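Student: Coordinates for the following, if possible.
(chains A and B)
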Amino acid sequence: MSILIDAETTFIVQGITGREAVNLTRECLDYGAGAKIVGGVTPGRLGREVHGVPVFDTVAQAVEHHGAPIDGSVVTVPPAFTKDAVFEAIENGIKLIVIVTERIPRRDVAQMVELATLRGARIIGPNCLGIIVPDVIKMGGIGGPARNAAQAYTPGPIGVISRSGGMTTEMSSTLSASGLGQSTAVSIGGDAIIGSSYAELMPQFEADEQTQGIVIYTEPGGRMEAELAHWVTEDNSRLPIVAFMAGRFMDEMPGMSFGHAGTIVEGKEDTATEKIARLAQAGITVAERIEDIPDLIGAKIAERSAV
Amino acid sequence: MRFFEYEAREVVKRAGIPVTDYGFTTEASEAKQIAERIGGPTVIKSQVLTGGRMKAGGVKFADTPEEAEAHARDILALEINGHMPRGVLVDPKAEVAQEYYAGVVWDGTRKQPVMIFSPVGGIDIEQVAEEQPEKVGRRHFSNILPLSDFEAKEVIASTGVTGSALNKLVPIVTRLAKLFVENDMTLAEINPLGQLKDGSFVALDAHMDIENEARGRHKKLLADLGVGDEETRQAREATPFELAGEEVDATDHRGVAGNVTEFDGNLGLVIGAGGGSLTLFDAVRAHGGEPANYCEIGGNPSVAKACGLAKLVLQKPGVDKIAVMMSIVSNTRVDIVARGVIKACLELGYDPAEKIAIFRIPGAWEEEGFKILEKYGVEYADRSVSLNEAARRAVEKIQGVAP
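Tutor: Numbers count the residues shown, from 1 in each chain, chains lettered A, B, ... in the order given. So this is what the prediction gives:
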């Protein structure tokens, strides 16, 4: 199985007529079994089509046209309009929202997340590339064109969660090359506040029978790794975890932002050193190099199944 | 972006929170005039974006306007932690009965802002939290429900404060929370929040940080405070090399080829994307390499931009070679980056095979990219070569270069 999405998932693309969104739509339609993109929304463009996908002015029109609730939305509208677009999706019954847009102020993100929580919806991102279930479906730009995505991602037992979209593919490709496929890979976004953190996705992977181990990509900044370490300790997870920590050099440069908006050392707890120690304390192995990950997670899975 | 104290105080004042009758100036003579206007003992405070100014001699007390002028002259010339002051703040020396703390920050785990209040102010709140945890109140508040006075009342009361102090503090903390939200702050702190002998409260110092992504919607406030668009106020000022990197990135709106940070090594880096750059920079250093810079490519930049970035790095004094490396790309085109970096070498009269230590960008359009690289004899690697291994090869090559 998989988490969050499967072959039956229906979704729309908000901002579908934008250049990046047109490409993303093509990629998702072409990948795996072909995503069920049931509509797109760009205000004022009712009646157009993007790669055969009908375009509407409002999410409500897309839902009405579909004739049934729509599962998800990929939001690719400019930062100033993202909050409204996400509110619109949530208030029209959409339960899974992938926000691709970068540079959204965190007040807006926090508002979107709070409304989503009230309505029982989930947000992935912002500043993310989305979700991929190898050979089945992808929701978002993750992995790029279908042909490239197929080269990097293969089905298997590893759940991948990453603060970097590109590194989701790099790590999955490395796992695939060692014969370790992925159950689902999620690019969760690089901002200071995001819809779904590692710890918030763990219960989903925990409940997914296909998943036997987790690989995460992390960076300095924020408390997300501490939250994961806490979750793992408290919830006695069945899943072994291997983490890769990039940006170790940043410990020497407090106050400087690198890579992603949320990647900045503001306090002691933000540093790579501190995070590595915390993760290790919780039994999470921190890999020194990406190429070490397959052996490390493979060994941990073997260890657990031997018990 | 961090505000100077004199700016933060102005933000506090505009929010309807009482402040002292302070004045800001860049001239010692004007400091004297402000002190005359205040008419009594004053405090002269250096306006720098760094901590420890008290210890460094950046805060001095004056009994007369003449003394205020002398202190201002000294402080204006005093460098603190590598920062020259923007000016000085001349503040009446308040008769403070007790110092409190009030602050608002984001809690990224709960995804809500949190008000923090303490009747123990004037020192670092983290120290109070450690030593007297019962004296620190915290309360999250909603992002979408209207902010209500009772929330501030609860957090203040939770620290044992009652009586008229409680009732006077509620509007102050509520206004602070409101200004935090309305101005897209990531930190809004009044410390100390002084209670004067007559029982009234006044903000004696304030720290404010506005989120960079939200600066665009606070143009009026920033203009009123005199903060220019070019002022980034990073932990250190941008170097000319870094500013040139921004110029390259601004050449056109396609993709990113910038976010340059200067280092002093000999290996120039043309790397990407966000996570890939962090990983690669670490890898180069882990192998004993000395990067000349950090940068990021992503989002499919034009040939011109990739070329501009490579040229900038190649021309940096002390750079012997460049390494062009990215994590697997799906959006950025390999061939476009390859064209850009080769063009940069050729235009500067270099042999690409000599100057490019390694090119490791697998992914979209890699066949086309590798063909171009082959033509110029540049060493390249596909995804079977890890980021770490590519970095190792680059370092090995540059260490073979005779000094």
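Student: and B:Lys316, helix, strand or coil?
Tutor: The local conformation at B:Lys316, judged by DSSP: H, G, I helix; E, B strand; the rest coil, is coil.
Student: How many residues are close by the residue nearest to it when sequence neighbours are not counted?
Tutor: Here the nearest residue to B:Lys316 in space, its sequence neighbours aside, is B:Ala292; by C-beta to C-beta, 6 or more residues apart in numbering or on different chains that works out to 5.5 Å. Backbone N, C-alpha and C define where each C-beta goes, glycine included. Counted by other C-beta atoms under 10 Å in any protein chain shown, the residues lying close to B:Ala292 total 23.
Student: Quick one: residues contacting B:Ala292.
Tutor: B:262-269, B:313, B:316, B:318-319 (C-beta atoms under 8 Å, 6 or more residues apart in numbering or on different chains).
Student: repeat for B:Lys316
Tutor: By C-beta under 8 Å, 6+ apart, the contact set of B:Lys316 is B:241, B:262, B:268, B:292-293.
Student: out of the residues you listed, which are inside strands?
Tutor: Counting by DSSP state E, the part of those found in strands is B:262, B:268, B:293.
Student: mind giving me JSON lines with the contacts of B:Lys316 and columns for pLDDT and distance to B:Glu10?
Tutor: Formatted as JSON lines, those follow (pLDDT from 0 to 100; distance: C-beta to C-beta, whole Å):
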{"residue": "B:Phe241", "pLDDT": "96", "distance to B:Glu10": "34"}
{"residue": "B:Glu262", "pLDDT": "96", "distance to B:Glu10": "33"}
{"residue": "B:Gly268", "pLDDT": "97", "distance to B:Glu10": "43"}
{"residue": "B:Ala292", "pLDDT": "97", "distance to B:Glu10": "41"}
{"residue": "B:Asn293", "pLDDT": "97", "distance to B:Glu10": "37"}
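Student: Let me see the residues that make contact with stretch B:382-395.
Tutor: Counting by C-beta under 8 Å, 6+ apart, residues outside stretch B:382-395 touching it are A:152, A:170, A:173-174, A:177, A:289-291, B:267, B:276, B:279-280, B:283-284, B:286-289, B:321, B:323, B:325, B:327-328, B:357-358, B:360, B:362-363, B:366, B:370, B:379, B:381.
Student: chain center to that stretch, what's the gap?
Tutor: 32 Å (C-alpha atoms, centre = their mean, to the nearest Å).
Student: Helix, strand or coil: sort out B:Glu10 for me.
Tutor: Secondary structure of B:Glu10, reduced to three states by three-state DSSP: helix.
Student: Quick one: the strands in the stretch 51-200 of chain A, in order.
Tutor: In chain order, the stretch 51-200 of chain A shows strands spanning A:53-56, A:72-75, A:96-99, A:122-124, A:130-133, A:137-139, A:155-162, A:182-187, with DSSP state E, counting those that start in this stretch as the criterion.
Student: Low-confidence stretches in the chain?
Tutor: Reading this off chain A. Residues of chain A meeting the criterion pLDDT under 70: A:307.
Student: other chain: chain B
Tutor: In the predicted model, chain B carries pLDDT under 70 at residues B:401-403.
Student: Just want the most central residue of it.
Tutor: Per C-alpha atoms, centre = their mean, the C-alpha nearest to the average position across chain B is that of B:Gln234, at 3.8 Å.
Student: check contacts around it.
Tutor: Counting by C-beta under 8 Å, 6+ apart, B:Gln234 makes contact with A:255-257.
Student: same thing with B:Lys93?
Tutor: Counting by C-beta under 8 Å, 6+ apart, B:Lys93 touches B:40-43, B:61.
Student: How about it, nearest residue that isn't a chain neighbour?
Tutor: Among residues not flanking B:Lys93 along the chain, B:Pro41 sits closest, at 4.1 Å (C-beta to C-beta, 6+ apart).
Student: Centre of the chain to whichever strand or helix holds A:Gly39, how far?
Tutor: Secondary structure here is read from DSSP states H and E; on that basis A:Gly39 sits in strand A:36-41. Between the mean C-alpha location of strand A:36-41 and the chain-wide mean there is a distance of 20 Å, by C-alpha atoms, centre = their mean.
Student: do the same with stretch B:277-290
Tutor: Computed by C-alpha atoms, centre = their mean, the chain-centroid distance of stretch B:277-290 equals 23 Å.
Student: and it, does that touch chain A?
Tutor: Yes - under the criterion of C-beta under 8 Å from any C-beta of the partner chain, stretch B:277-290 makes contact with chain A via B:277-279, B:281-283, B:285-286.
Student: from those residues, which single one is nearest A:Arg45?
Tutor: Here the nearest of the residues of stretch B:277-290 next to chain A to A:Arg45, counting by C-beta to C-beta, is B:Ser277; it sits at 36.1 Å.
Student: Which element, helix or strand, includes the closest one?
Tutor: Once you assign secondary structure using DSSP H and E, B:Ser277 falls within helix B:274-286.
Student: what angle sits between that helix and strand A:155-162?
Tutor: Here helix B:274-286 runs at 80 degrees with respect to strand A:155-162, directions being taken by axes from the mean of the first three to the mean of the last three C-alpha atoms, to 10 degrees.
Student: what's helix B:274-286 packed up against?
Tutor: Under the contact criterion of 3 or more C-beta pairs under 8 Å, 6 or more residues apart in numbering or on different chains; DSSP states H and E, helix B:274-286 touches helix A:165-177, strand B:267-272, strand B:293-298, strand B:321-326, helix B:387-399.
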